[in-house]
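# Need the 3D shape of this:
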Amino acid sequence: MTVDLQDLSRRLFQTANQLWTNTDLRPDQYAQPVLALIALRQMEAKFDTVDAELSKTFTGRLKPTPPDYHANGAVFLPDNARFSYLLALPETENLAEALNTAMKGITDHNPDLVGVMPQGYGSLPNGVLRELMRLLAPLKITGDAYGMIFEFFMGEFASAYMQKGGEYFTPSSIVKLIVDIMEPYHGKVFDPACGSGGMFAHSADFVRRHHKNPSRELSIHGSEKMLDTQKLCRLNLAVHGLSGDIKIANSYYDDPHGMVGKFDFVMANPPFNQSEVDRDRLVNEAGKVDARFPLGIPTTNNANYLWIGLFYAALNNTGRAGFVMANSASDASGSEREMRRTLVESGAVDVIVTTSPNMFLTVTLPVTLWFLDKGKATGNRADEVLFIDGRHIFHQVTRAHRHFTPDQVEFIGNIVRMWRGQKEELEAGSGPKMTETFGNDGYKNVRGLCRVASRAEIEAQDWSLNPGRYVGVAAGEQQNDEDFKLKLEALQEELDVLNVDAARLQTVIERNVAEVLAT
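Residues are numbered from 1 along each chain as shown. Take a look at the predicted model:
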């Protein structure tokens, strides 16, 4: 019988949440030990699979070593760190102490996990720990199913307990769409705002789906400014049989990877509309802007275009970038418009996709997905940008939350593939929708859905990268209340940014006037 992983994950989380009420921990303190238990269950499943394969090669007294397991994408588990061993301990044993010992043993044998595995199980009652492990133990699921459960729990913790949860967790359907359009088959992958590492995990899933080994095909690099979130990212990588170079760094000011021109793929969901970035730290003593910001520094008190410039700078000559961006960035004026013009004139802007509202756990506004391709700049599509209006493509999960279904991700990805002259992918079931929309003649502009615009057309629209300006409204349809609401929300978002900037300028003026009057 097929297991409904979404339903299973939901029931597991509800039970774990009930158990949490029997502790005096804050939700964020409870989250990490619970996630580590789910991770351990996945680690053992992978360990068992690899161990069975290695046993065919290592016979007699010859035993595989931890590096042998690492080479096959598994975390090495000493006997006392096996999930099954811990679950079988007598009721009289101190399970919390045994788990702390197990986590230390995992760290000792797996250098990539140094500092990652939690040691705070003593604060959770033994009864709660045993019940959690019993919930996870008997499940008859295979492959990366525990990885999916792990991801579901991260999302639920972010949604239910952490006001800034969106800063470390990007909904999986958004990430899957970014990865599907990016196509990271092989190379160096970089996320300078990596959060919990969802971009890396789904890039690996993409490689597996195309019958390759991600640990051999992908080299993973990331930066994350929060220590706890960096640990979560490294744990997430381990759950998916991956390792990577994840640095603790603030990407505005730090460059631990020497990123300029280095990466094949850059993926990110940066924090939107951040203000008060210290611009003095973005230039050297001679006043020259750091090479990581080739588009320059915006005069507005908003970091969106700093991120966009950083993503562009990190790409090698054939590199691709895909990232989430606030809608307001597509039409931002002033210095940001000139930075956007520079980017469009480079020929690297590839695809722009708008989404519907309520796709994120902590943000109700719609967002825009930007895709850059430096290799395109020297090809026959250099003068073109594909715009896709995805605001009406979604599945309503709850009243307040939407996502893309697998066939919807594939459908949007196929629009891009057709435009690029590539073969469509139909495994997720997008075939009927593709035929209904495009027939059998390849890519064509479809009102209300997609349109290819030339650089001259973009210039005529004041260098806007808002798909709504190019795609138009489907035949027979009129702008509805939701379209108006989306535009109004985007204007409100831009107004909020301008108000922040105005408040900053007022403070500067008042300080300058006070200094003049004091002399």
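# so what strands line up beside the lengthiest strand in the chain?
Selection of the longest strand in the chain by residue count, based on DSSP state E, yields strand 315-326. Paired neighbours of strand 315-326 in the sheet (DSSP bridges): strand 263-268 (parallel), strand 367-373 (antiparallel).
# Quick check: end-to-end length of stretch 87-95?
Using C-alpha to C-alpha, to the nearest Å, one end of stretch 87-95 lies 9 Å from the other.
# what's in contact with that stretch?
Contacts to stretch 87-95, defined as C-beta atoms under 8 Å, 6 or more residues apart in numbering, come from residues 86, 98, 121, 126, 129, 130, 133, 134, 137. Yep, even glycine has a C-beta here, placed from its N, CA and C like the rest.
# how about the strands paired with strand 315-326 in TSV, adding mean pLDDT?
Output for the strands paired with strand 315-326, formatted as TSV (pLDDT from 0 to 100):
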stretch	mean pLDDT
strand 263-268	98
strand 367-373	97
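# most packed of those strands?
Highest mean neighbour count of the strands paired with strand 315-326: strand 263-268, a mean of 25 (counted as mean count of other C-beta atoms under 10 Å).
# who touches it?
So strand 263-268 is in contact with 175, 178-179, 182, 184, 186-194, 199, 203, 221, 307, 311, 314-316, 318-324, going by C-beta under 8 Å, 6+ apart.
# Show me the helices in the stretch 201-350 of the chain, by range?
214-217, 227-239, 304-314, 335-345 (DSSP state H, counting those that start in this stretch).
# thought residue 309 was touching residue 294?
Yes: counting by C-beta atoms under 8 Å, residue 309 touches residue 294, with 5.8 Å between them.
# Below-threshold pLDDT in the stretch 251-400 of the chain: ranges please.
Filtered on pLDDT under 70, the stretch 251-400 of the chain yields the residue ranges 361-363.
# Apply 80 and report the result again.
Low-confidence segments of the stretch 251-400 of the chain (pLDDT under 80): 285, 360-365, 400.
# Make a PyMOL selection of the buried ones in the contacts of strand 263-268.
Selection of buried members from the contacts of strand 263-268 for PyMOL, criterion 16 or more other C-beta atoms under 10 Å:
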select buried, resi 175+178+179+182+184+187+188+189+190+191+192+193+194+199+203+221+307+311+314+315+316+319+320+321+322+323+324
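# would you turn the strands paired with strand 315-326 into a markdown table with distance to residue 74?
Shown next, in a markdown table, are these (distance: least, C-beta to C-beta, whole Å):
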| stretch | distance to residue 74 |
| --- | --- |
| strand 263-268 | 25 |
| strand 367-373 | 33 |
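# thinking again about what came up before, pick out the most distant pair among the contacts of stretch 87-95.
Across the contacts of stretch 87-95, no pair lies farther apart than 121 and 137, at 17.0 Å, counting by C-beta to C-beta.
# Please say which of the two ends up with more neighbours.
More neighbours surround residue 121 than the other of residue 121 and residue 137, with 22 against 13 (other C-beta atoms under 10 Å).
# Pretty sure that one sits against residue 102.
No: using C-beta under 8 Å, residue 121 is not in contact with residue 102, being 9.1 Å away.
# Can I get stretch 44-63 in PDB, CA atoms only?
These are the backbone C-alpha positions of stretch 44-63, laid out as PDB (Å, rounded to 0.1, in the frame of the first residue of the first chain):
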ATOM      1  CA  GLU A  44      20.100   4.400   9.800                       C
ATOM      2  CA  ALA A  45      18.000   3.600   6.800                       C
ATOM      3  CA  LYS A  46      20.700   4.800   4.500                       C
ATOM      4  CA  PHE A  47      23.400   3.200   6.600                       C
ATOM      5  CA  ASP A  48      21.700  -0.200   6.300                       C
ATOM      6  CA  THR A  49      21.400   0.100   2.600                       C
ATOM      7  CA  VAL A  50      25.100   1.000   2.100                       C
ATOM      8  CA  ASP A  51      26.200  -1.600   4.700                       C
ATOM      9  CA  ALA A  52      24.400  -4.400   2.700                       C
ATOM     10  CA  GLU A  53      26.200  -3.300  -0.500                       C
ATOM     11  CA  LEU A  54      29.600  -3.000   1.200                       C
ATOM     12  CA  SER A  55      29.300  -6.400   2.800                       C
ATOM     13  CA  LYS A  56      29.500  -7.900  -0.700                       C
ATOM     14  CA  THR A  57      33.000  -6.400  -1.100                       C
ATOM     15  CA  PHE A  58      34.300  -6.600   2.400                       C
ATOM     16  CA  THR A  59      34.400 -10.200   3.500                       C
ATOM     17  CA  GLY A  60      36.100 -12.200   6.300                       C
ATOM     18  CA  ARG A  61      38.100 -10.000   8.700                       C
ATOM     19  CA  LEU A  62      38.100  -7.100   6.300                       C
ATOM     20  CA  LYS A  63      35.600  -4.500   7.500                       C
END
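# Identify all contacting residues around whichever strand or helix holds residue 353.
According to DSSP states H and E, residue 353 maps onto strand 349-355. Residues from elsewhere that reach strand 349-355 (C-beta under 8 Å, 6+ apart): 174, 177, 181, 320, 327, 330, 343, 366-373, 376, 381, 385-391, 394, 412, 416, 419, 465-468.
# Which strands border that strand, and is each parallel or antiparallel?
Note on strand 349-355: by DSSP bridges, its sheet partners are strand 367-373 (antiparallel), strand 384-390 (parallel).
# And residue 309 and residue 294? Which one has more around it.
Ranked by neighbour count (other C-beta under 10 Å), residue 309 and residue 294 place residue 309 first, with 22 against 16.
# could you measure the more buried one against residue 272, distance?
Computed with C-beta to C-beta, to the nearest Å, the distance linking residue 309 and residue 272 is 16 Å.
# Could you tell me which ranges of the protein sit under the pLDDT cut-off?
Along the chain, the model assigns pLDDT under 80 to residues 1-32, 60, 123, 135-169, 285, 360-365, 400, 474-508, 510-519.
# re the thing from before, can you redo the strands paired with strand 349-355 as a markdown table with distance to residue 430?
Listed next are the strands paired with strand 349-355 as a markdown table, based on distance: least, C-beta to C-beta, whole Å:
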| stretch | distance to residue 430 |
| --- | --- |
| strand 367-373 | 18 |
| strand 384-390 | 14 |
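# before we move on, back to that, now intersect the contacts of stretch 87-95 with the helices, please.
Counting by DSSP state H, the part of those found in helices is 86, 98, 126, 129, 130, 133, 134.
# Name the nearest residue to the last one, sequence neighbours excluded.
Right, residue 134. Leaving out its chain neighbours, the residue that sits closest to residue 134 by C-beta to C-beta, 6 or more residues apart in numbering is residue 87, at 7.3 Å.
# Over to the third one?
Nearest-residue entry for residue 126: residue 95, 4.8 Å, with adjacent residues in sequence omitted and distances by C-beta to C-beta, 6+ apart.
# Burial check on the one you found, number of neighbours?
22.
# just residue 101 next, same as before
Neighbours of residue 101 (other C-beta under 10 Å): 17.
# cool, and residue 337?
Residue 337 - counted by other C-beta under 10 Å - has 16 other residues nearby.
# That one against residue 463, yeah?
Yes: assessed by C-beta under 8 Å, residue 337 is found in contact with residue 463 at 5.6 Å.
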